[in-house]
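Okay, here's the prediction I keep looking at, along with the sequence it came from:
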Amino acid sequence: MNLSKNIEKIGKELLSQPTAPYREYFVQKYIKSFCNKNKIDFCFDKWGNIWIGTKSTTFSKNEDKIVFVAHMDHPGFHITKKLKNQTWEAKWFGGGPVKKLKGAPVYLTNENGNLFKGKIINFKLHKSGKKVETLHIQSSSTENLKNYFGSYNYPGYQKKKDLIYTKSADDLGGVLMVLSVAKLLKNKPSKKSFLGLLTRAEEVGFQGCLGSIYAHTIPKKFHFISVETSNYKAGVQFGKGPVIRLGDRASVFDTHITYFIRLVAAELQKKNKKFCYQTRMMDGGACEATAFNVHKLPSGGLCVPLGGYHNESESGVPCPEFVNIRDLKNLILLSEALVQKYSQKEKYLKKVQRSFLKSFSQSKKLLQKYNTYLSLKI
């Protein structure tokens with residue numbers, strides 16, 4: 001498979017889908033079509049989350065799986081009421097710019113696929129001042145837009161050199177990765193170790209993820225990796241590869257999973273000189289790995305650097321998000337390697353343990369020889 005062409009093909013189709021918290025059905029529809037076309041097993045849970053690589057959410061307690069988690073929503077609004085002719089009030093869900101919003105372009109759509117353009121003419125901030133609470137939107141449509149939703153109106157997919165600009169990389173970029181890996185693995189024995197979990201309403205507190213956790217059907221042997229596009233301002237560079245995420249704004253991730261990811265990445269880099277990766281505490285936001293870890297379901301994190309995080313430019317003006325296609329390509333390569341090596345994860349960790357033991361064995365004589373503290377009168 002040509003990864004760059006695969007990313008571009010899926011990206012053009014997927015990143016153009018409208019989405020907002022609780023209104024992910026266009027993305028769900030695309031994923032269903034993609035899996036059917038590529039003969040990839042999938043199923044929906046009761047909350048609308050999609051499990052990739054399985055026909056049922058009933059799992060054996062003895063199953064050993066690595067589960068890549070990405071979310072299908074992006075910050076956006078729901079139309080709540082009409083104010084006057086062609087002017088509507090909307091409730092905002094998630095993060096985003098909090099200034100210079102007037103005149104910003106938005107799209108409005110509904111589950112039937114009707115699509116209209118509009119612009120923000122006024123807005124009200126939450127009392128914290130850190131997020132938008134409501135918007136006033138003017139649209140050229142004379143239709144009743146009461147059940148419509150939307151977000152900022154930027155191209156779904158626009159490539160400039162190595163950068164992909166889009167209205168919603170966060171986290172349809174993660175969804176793209178999960179689908180790409182599923183397609184890569186579909187005819188390989190290692191696919192038995194792989195699952196994907198594509199969740200809803202992450203931008204408003206991991207709601208879909210929590211639904212999957214509280215279903216109490218997830219075996220303790222499942223290990224999770226949250227796949228995100230994360231604000232580059234945490235100190236990473238575009239084009240330098242995916243980021244092994246040590247933690248987010250809320251928590252530090254599982255040590256064993258993180259170490260396993262780092263060992264596999266280092267091994268992959270030795271074999272493939274074009275492969276590169278970064279390691280960082282990505283504290284620009286919180287992700288679903290925190291939700292899993294808090295509920296004692298071990299989780300690590302991977303991401304690619306994201307520009308225009310939540311559609312906010314450096315000056316605070318709304319803008320498209322963007323990612324580097326090489327980072328996405330290397331993220332897919334690393335994720336595929338993690339699945340292939342997953343059955344050997346204990347061997348990788350024991351190798352590290354042996355290196356510590358060897359180091360200690362070489363030093364313990366000095367520890368004993370100079371262990372004079374108890375005889376000293378201090």
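Here it is on my side, so go on.

Show me the domain layout of the protein.
Each domain of the chain is listed here as a residue range: 3-18+29-73+156-345, 76-152, per automatic domain parsing.

just those domains: most buried one?
Among these, judged by mean count of other CB atoms under 10 Å, the one packed with the most neighbours on average is domain 3-18+29-73+156-345 (a mean of 20). The C-beta positions use only the backbone N, C-alpha and C, and glycine is treated the same way.

Return the distance of it from the chain's centre.
From the chain centre to the centre of domain 3-18+29-73+156-345 is a distance of 5 Å (CA atoms, centre = their mean, to the nearest Å).

before we move on, what about stretch 83-93?
Taking the mean of its C-alpha atoms, stretch 83-93 sits 30 Å from the chain's own mean (CA atoms, centre = their mean).

Which residue ranges of the stretch 201-350 of the chain form helices?
Secondary structure of the stretch 201-350 of the chain by DSSP state H, counting those that start in this stretch: the helices cover 207-214, 255-271, 288-294, 325-341, 345-369.

Please identify which of these is closest to residue 68.
helix 325-341 (6.3 Å; CB to CB).

Next up, the contacts around the nearest residue to residue 201 once chain neighbours are set aside.
With CB to CB, 6 or more residues apart in numbering as the criterion, residue 201 has its nearest non-adjacent residue at 3.8 Å, and that residue is residue 207. Residues touching residue 207, when contacts are defined by CB atoms under 8 Å, 6 or more residues apart in numbering, comprise 21, 47, 200-201.

just to revisit the earlier point, with distance to residue 365 and mean pLDDT as added columns, please give the domains of the chain in CSV.
Converted to CSV, these look like this (distance: least, CB to CB, whole Å; pLDDT from 0 to 100):
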stretch, distance to residue 365, mean pLDDT
domain 3-18+29-73+156-345, 28, 95
domain 76-152, 56, 93
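
quick one on the thing from earlier: output the helices of the stretch 201-350 of the chain as a markdown table; include the columns distance to residue 311.
Below are those laid out as a markdown table (distance: least, CB to CB, whole Å):
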| stretch | distance to residue 311 |
| --- | --- |
| helix 207-214 | 21 |
| helix 255-271 | 29 |
| helix 288-294 | 21 |
| helix 325-341 | 19 |
| helix 345-369 | 37 |
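
quick revisit: what's the closest of the contacts of residue 207 to residue 332?
Comparing the contacts of residue 207 against residue 332 with CB to CB picks out residue 200 as the nearest, at 23.2 Å.

Next one: the closest one from residue 50, what distance?
9 Å (CB to CB, to the nearest Å).

Pull up the overlap in contacts between the two.
Contact criterion CB under 8 Å, 6+ apart; residues bridging residue 200 and residue 50 by contacting each: residue 72.

picking that back up, from the contacts of residue 207, which ones fall inside helices?
In helices, judged by DSSP state H, none of the contacts of residue 207 are found.

Of all residues in the chain, which one is nearest the centre?
Centre of the chain computed as the mean C-alpha position; nearest residue by CA atoms, centre = their mean is residue 228, 2.4 Å away.

OK, contacts around that residue?
So residue 228 contacts 70, 170-171, 174, 245, 282, 287, 301-303 (CB under 8 Å, 6+ apart).

Adding distance to residue 236, write the residues you listed out as a markdown table.
A markdown table is the format used below for these (distance: CB to CB, whole Å):
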| residue | distance to residue 236 |
| --- | --- |
| 70 | 19 |
| 170 | 15 |
| 171 | 17 |
| 174 | 16 |
| 245 | 10 |
| 282 | 7 |
| 287 | 15 |
| 301 | 13 |
| 302 | 12 |
| 303 | 9 |
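
hmm, which two among the residues you listed are most spread apart?
If you compare every pair in the contacts of residue 228 using CB to CB, the most distant one turns out to be 70 and 282, at 15.0 Å.

So which of the contacts of residue 207 is the closest to residue 219?
Looking across the contacts of residue 207 and measuring by CB to CB, the closest to residue 219 is residue 47, at 18.6 Å.

so who does the residue nearest to residue 122 when sequence neighbours are not counted touch?
With sequence-adjacent residues excluded and distances taken as CB to CB, 6+ apart, residue 122 is closest to residue 136, at 3.9 Å. Shown here is residue 136, whose contacts under the criterion CB under 8 Å, 6+ apart are 83, 87-90, 120-123.
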